[in-house]
Structure formats: structure tokens, C-alpha cells
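Student: quick one, fold the following:
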Amino acid sequence: MPDQNTPSKLITVTGTLDVVDAGITDAHNHIWIVPVFGAQKGAPVLDNQTAIEEELIDFRQAGGGTIVDCQPGGCGRDGNVLRDLAKSSGVNITASTGFHLKRYYPPGFWLFREEAEKASEYFIQELQEGIEETREGSETVRAGLIKIACEESLDKSPLHLIEAAVAASVETGAGIEVHTERGADAERIAQTMFDFGLTPQKLVLCHVDKLPDFGFHSSMAQEGILLEYDTFFRQKYQPDQNVWSLLERMVGAGYESQVAIATDMAEAEMWSRMGDGPGLTGLITKIIPRMADIGFKPETIRKLTSENIAQRLARPDT
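Tutor: Model prediction:
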């Protein structure tokens, strides 16, 4: 268990980073995903290294600082490439341990058959010693967070791996980002994790703006959970009527410290260098200016786009 007197740092693919130096931060994205043999047809792929590097440079030059990469091992992650991209672009990138939805893995992937204790040991090793694919090289990359994914209900999700993730968080102080299916069963997911020993201050619930119910969001915020919003560029979720209205209401109600902004561009078509989407810079060129136009104070914008997620994912660097 970490010493709470040790200064907390963000763990990036190139080393540690003071929270105050994170800068504008995309709280949930995907930078590199190689094709996975046996994964469900249509699984996202991001493997154009030249275009990705160019867009990361665009992000940095627009004023971006950090991107939280939420692709765990076994489903397309490559920590060596993430490290190289961070170095060449100047963008801070965090890597994830944990697990994604089962459909993104080959059939019978070992982690889903592993006991909770062994899975927890695997997560802890990636957080403390280095993620699996980087351990044989000269520059090991440590995971900076635990990313887990729940199915459309808690009952259909791998409970033993959720337990393992919580145990790894308690042992290391790492934050956990949880993929929810449009916010489904989020209350039960959170409560189960608390029952396993997680503190609310280490939990981030992702994609919950797809369920734009203010009562639900305010209740989760009151618990101390950080809520991640990312549908700003997904028109099928009607962002003007839903996420933007929800965000204004949450800030107006005093929950500006309980929301983190992300873009979650796992699909290549959402990038500007590989598709015709807003790209990584959209957070800076579109979302932040609109927040200012709404009347959000500069300190509120900093919390939503940097401080909240950086503080949540920071851990004692032991």
C-alpha cells in the first residue's frame, strides 16, 4: 500500500509528471490500437503511426499537454509505440493496464479465465514494474491507470476482474477508469467497487453523458465519483441538447470538480489526419472555446479539462 505522504505524480510513458504540469488533458482517448486476431469484426484500429504522430503534434501545438490512453493490454495496446509517439510529439501520454470489453480480445483470452488474485498481480506488475510488452527492452513503460470495461449490466461483467482491479488500486494508489455501456448499471458498478474496498476518489465513470439524467449525475458526484463526458462530437447522442445542457447544469449546481472532459476517438474517422472529424485538437479549438462562450470561468475550464482528471489519476510514486 502506498505511503500517502509521498508526493503524487502522474505516471506517463516517458516518466513521472507533476499534476500541475499536465496542462490541457484529454481524460479518455485511444492513441494506438493494432488489429487483434480473433477480435469481433469491426473492432477499432489505429495503426497509422505517421498520421497519429502528426496529429499529436497538432494537439501539442494547439496547447495540449496530456492524453489518457485507455487501451489495456491484449486488445491492441503497444506501450513501446506509445512511448515513441510521446517522445516524437512532446505530448504526455499515460498507458493503461486492466481489461476492455470481451469482444475486443481473441476467444478464450487468458485474463478472463484467471483468478482474481492472479489478475490483480498482473495489473500491479504493469503499474509498478512495467507493462508486459515493454519489459524486454531498455526503456520500460509503466501503466499510469487501470482501465476496466463493464458490459451492459454488472451481472454480465467479469466480477472477478473488477475485484482484481480494485485490489490493484488499493495496493498502488492507481485510479480506475470504468467503461460503462451508456451509463448502464453505473450505480451498482460503483457500489460493488466500493464494497471491494475502492474509495470514490479513485473512481472515474466513463461515457455516462450518454445517460444525461441530472439526478443520476448529481447523485454520483455527491458520492465523490469523477464523471467523464465525451459525446461532444457524436451527433447521434444529440450533444447540444444532452451533454452541453448537462454540463451547464452540473457546473451551475457546483459540481465542476466532479466532471472530466474527453473526446474518446477510438475510430480513425474521428481524427483529422485519418478522417474528417474534429481530431485531437477539437478539445482545444471547439470544446474549450464553447465553454468560455457559455460563461464558464477560466478556473472552471481548467478543472474540467486538466485538474480533475490529473488529480484523480495521480498516485504516490514509490
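Student: helices along this structure, start to end?
Tutor: Counting by DSSP state H, the segments of the chain that form helices are 49-61, 79-89, 110-113, 116-128, 159-172, 186-195, 214-222, 243-252, 282, 288-294, 298-302, 308-313.
Student: what does the shortest one contact?
Tutor: Among residues not part of helix 282, those counted as contacts by Cβ atoms under 8 Å, 6 or more residues apart in numbering are Phe232, Phe233, Thr263. Bear in mind the C-beta positions are built from the backbone N, C-alpha and C, glycine included.
Student: if you rank these by neighbours, which is first?
Tutor: Greatest neighbour count in the contacts of helix 282, by other Cβ atoms under 10 Å, goes to Thr263: 28 neighbours.
Student: kindly provide the distance from it to Arg234.
Tutor: With distances taken as Cβ to Cβ, to the nearest Å, Thr263 is found 9 Å from Arg234.
Student: related to what we said a few turns ago, next, format the contacts of helix 282 as JSON lines and append distance to Ile31 and pLDDT.
Tutor: What follows is the contacts of helix 282, written out as JSON lines (distance: Cβ to Cβ, whole Å; pLDDT from 0 to 100):
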{"residue": "Phe232", "distance to Ile31": "19", "pLDDT": "98"}
{"residue": "Phe233", "distance to Ile31": "17", "pLDDT": "98"}
{"residue": "Thr263", "distance to Ile31": "12", "pLDDT": "98"}
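Student: save these as JSON lines, and put in distance to Ala184 too.
Tutor: Listed next are the contacts of helix 282 as JSON lines, based on distance: Cβ to Cβ, whole Å:
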{"residue": "Phe232", "distance to Ala184": "21"}
{"residue": "Phe233", "distance to Ala184": "22"}
{"residue": "Thr263", "distance to Ala184": "21"}
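Student: for these, which one is nearest Asp293?
Tutor: Ranking those by separation from Asp293, with Cβ to Cβ as the measure, puts Phe232 on top at 13.8 Å.
Student: from Asp264, how far off is the closest one?
Tutor: Taken as Cβ to Cβ, the span from Phe232 to Asp264 is 10 Å.
Student: cool, and Val251?
Tutor: As judged by Cβ to Cβ, Val251 and Asp264 stand 21 Å apart.
Student: ok, and for stretch 223-234, which residues are buried?
Tutor: Neighbour-count burial for stretch 223-234, with 16 or more other Cβ atoms under 10 Å as criterion, is recorded at Glu223, Ile225, Leu226, Leu227, Glu228, Tyr229, Asp230, Thr231, Phe232, Phe233, Arg234.
Student: again with stretch 214-223
Tutor: For stretch 214-223, the buried set under the neighbour-count rule, 16+ other Cβ under 10 Å, comprises His217, Ser218, Met220, Ala221, Glu223.
Student: not counting residues beside it along the chain, what's closest to the fourth one?
Tutor: Okay, so that is Ala221. For Ala221, the nearest residue in space outside its immediate sequence neighbours is Gln258; the separation is 3.8 Å by Cβ to Cβ, 6 or more residues apart in numbering.
Student: quick one: average pLDDT of stretch 22-42?
Tutor: With pLDDT averaged residue by residue, stretch 22-42 scores 97.
Student: now that stretch - C-alpha only, PDB.
Tutor: These are the backbone C-alpha positions of stretch 22-42, laid out as PDB (Å, rounded to 0.1, in the frame of the first residue of the first chain):
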ATOM      1  CA  ALA A  22      -0.300  18.100 -17.100                       C
ATOM      2  CA  GLY A  23      -1.700  21.000 -19.000                       C
ATOM      3  CA  ILE A  24      -4.900  20.600 -21.100                       C
ATOM      4  CA  THR A  25      -5.700  16.900 -20.700                       C
ATOM      5  CA  ASP A  26      -8.000  14.600 -22.700                       C
ATOM      6  CA  ALA A  27      -9.400  12.400 -19.900                       C
ATOM      7  CA  HIS A  28     -10.200   9.400 -22.100                       C
ATOM      8  CA  ASN A  29      -8.900   8.600 -25.600                       C
ATOM      9  CA  HIS A  30      -7.200   5.900 -27.700                       C
ATOM     10  CA  ILE A  31      -3.900   6.700 -29.400                       C
ATOM     11  CA  TRP A  32      -2.700   3.300 -30.800                       C
ATOM     12  CA  ILE A  33      -4.700   0.100 -31.400                       C
ATOM     13  CA  VAL A  34      -3.200  -2.700 -33.500                       C
ATOM     14  CA  PRO A  35      -5.600  -5.300 -35.100                       C
ATOM     15  CA  VAL A  36      -6.300  -8.200 -32.800                       C
ATOM     16  CA  PHE A  37      -6.700 -11.600 -34.400                       C
ATOM     17  CA  GLY A  38      -9.900 -13.200 -33.300                       C
ATOM     18  CA  ALA A  39     -11.500 -10.000 -32.000                       C
ATOM     19  CA  GLN A  40     -15.000  -9.100 -33.100                       C
ATOM     20  CA  LYS A  41     -15.300  -7.800 -36.600                       C
ATOM     21  CA  GLY A  42     -15.300  -4.000 -36.600                       C
END
